[in-house]
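Student: Let me see the structure of the following:
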Amino acid sequence: MKNKPLDPQDDPECRACPDLPWVMDSPTRISGSIGIDNHPGQSHDPRKVGLPIDCQSSVNIQSLPILTSGHQERNLNRFFRFLATPVPWQYLYRRIFHNHPSIYPRESWAITTATTENFDPFTFRPEEMTQIPSSPGVTRADPFLWSRDGTHYLFMEDWPAGDPCAHISAMELDDHGKQRGSPVPIISSKTHFSYPYVFEYDGQLWMLPEYSSSNRLQLFRCVEFPHHWVADRILMEGTSYADPTVFEHDGVWWMFISLKTGFCGLTSNLFLFHADNPISSEWIPHPMNPVVSGFHQSRPAGRPFVANGRLFRPAQNCLKRYGHFVVFNEITRLDVHRYAERSVRKIMPWAEHILAVHHFDICGNRAAMDIQLRNPADSAADATEETNMV
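Tutor: Here you go, the predicted model:
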């Protein structure tokens, strides 16, 4: 479900930024679930969430209207528009489940891979994938595949037991998709790294990982494949970003991304930007932003892919829990004016020991997913609880 952009004609006291229809020029405001504050006389970097510099705006986390004198009726109208979207009600639903121990048991993430010919999202069987072994307590997630000179590699979020945060690692795979050698850390810091999105542009390999605690999108350039990467430039900054996903379609470079837009966090809205090239710092926001709203299929879950001439976007369903399952959405319209998609396939957890499936990638004839595994101690505890109940 998409939020309708706020029409400035509905509110004569607001003036719309010509380049960003969902940004309204008033001291405190809401459109969808994003709040923008003006700072007269202060310059702004256009890289901040891709806003045009003449908007003189920056994103903050205020998402609900403030009822001030003289603006009560206008802000109440916006507030009720917000309540009419699925986001606040889905948020309450998630909070109820969040407090239930059986929904959020102790867990770890692991990666599965498979070789596939003529991949079809409708007949794909995730239960036939092979799990890559990992040490106890280690979490490995967000797999992205890449091949060079006949050798296959897996880039991933790697979180060893006891470490305060995750880093990005690279691992070589054999011709059957199985692990060859140990993972090698390639990007690390004192803060958390994940979602190592790898892509090629103009003969150069790039990586755009999630680095949300830094409040910026940091692009990395490969100096020596696959283990040597350097920070090259900042594409956006000014708020928290999650799962930046860039791809080319019809000669235009696009970016799907989740932004921090208030109390609902990074899983409730999907934003879309476009640029002349993927390493640009001038990303133009789509006029329909957020193009998708709701916890059920907003947050990106991997690289968009083409199958049988149709374009698909993997997304996470986070309604019951974070990354509960993957949804394949077919993109039916994508241009600088309109966006539309429809859900065509759900990849649900397929075994009792699998709690969630929250990422999918395909590159050539190889596919990778991550799965959230139930801790054996939780299974034993659940069995003991059922016995006591009997």
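Student: Do you have the helices of the stretch 251-390 of the chain handy? List them.
Tutor: With DSSP state H, counting those that start in this stretch as the criterion, the stretch 251-390 of the chain has helices at 376-389.
Student: low-scoring stretches of it, by residue?
Tutor: Low-confidence segments of the stretch 251-390 of the chain (pLDDT under 70): 262-264, 376-390.
Student: Show me the strands in it, by range?
Tutor: Using DSSP state E, counting those that start in this stretch, the strands of the stretch 251-390 of the chain run over residues 252-259, 269-275, 284-285, 292-293, 305-307, 310-317, 325-334, 339-347, 354-363, 366-374.
Student: Kindly reformat those strands as JSON lines containing mean neighbour count.
Tutor: The way it works is simple: take the backbone N, C-alpha and C, and place the C-beta from them, glycine included. Converted to JSON lines, those look like this (neighbours: other C-beta atoms under 10 Å):
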{"stretch": "strand 252-259", "mean neighbour count": "22"}
{"stretch": "strand 269-275", "mean neighbour count": "23"}
{"stretch": "strand 284-285", "mean neighbour count": "20"}
{"stretch": "strand 292-293", "mean neighbour count": "24"}
{"stretch": "strand 305-307", "mean neighbour count": "16"}
{"stretch": "strand 310-317", "mean neighbour count": "22"}
{"stretch": "strand 325-334", "mean neighbour count": "18"}
{"stretch": "strand 339-347", "mean neighbour count": "16"}
{"stretch": "strand 354-363", "mean neighbour count": "24"}
{"stretch": "strand 366-374", "mean neighbour count": "23"}
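Student: of those, which approaches residue 175 most closely?
Tutor: Between residue 175 and the strands of the stretch 251-390 of the chain, the tightest spacing by C-beta to C-beta is seen for strand 366-374, at 9.7 Å.
Student: Nearest to residue 122, out of the strands of the stretch 251-390 of the chain?
Tutor: Proximity to residue 122 (C-beta to C-beta) singles out strand 339-347 among the strands of the stretch 251-390 of the chain, at 6.1 Å.
Student: Tell me what angle the closest one forms with strand 354-363.
Tutor: For strand 339-347 against strand 354-363, the angle by axes from the mean of the first three to the mean of the last three C-alpha atoms, to 10 degrees is 120 degrees.
Student: list the helices and strands strand 339-347 packs on?
Tutor: Other helices and strands packing on strand 339-347, by 3 or more C-beta pairs under 8 Å, 6 or more residues apart in numbering; DSSP states H and E, are strand 310-317, strand 325-334.
Student: give the contact list for residue 121.
Tutor: By C-beta atoms under 8 Å, 6 or more residues apart in numbering, the contact set of residue 121 is 307, 312, 328, 344-345.
Student: Which of these sits closest to residue 370?
Tutor: Using C-beta to C-beta, residue 328 is the member of the contacts of residue 121 that lies nearest residue 370, at 15.8 Å.
Student: Can you report how many residues neighbour residue 233?
Tutor: Per other C-beta atoms under 10 Å, the neighbour tally for residue 233 reads 14.
Student: same thing with residue 324?
Tutor: The criterion is other C-beta under 10 Å. On that basis, residue 324 has 23 neighbouring residues.
Student: ok, so what distance separates residue 168 from residue 334?
Tutor: Residue 168 sits 29 Å away from residue 334, going by C-beta to C-beta, to the nearest Å.
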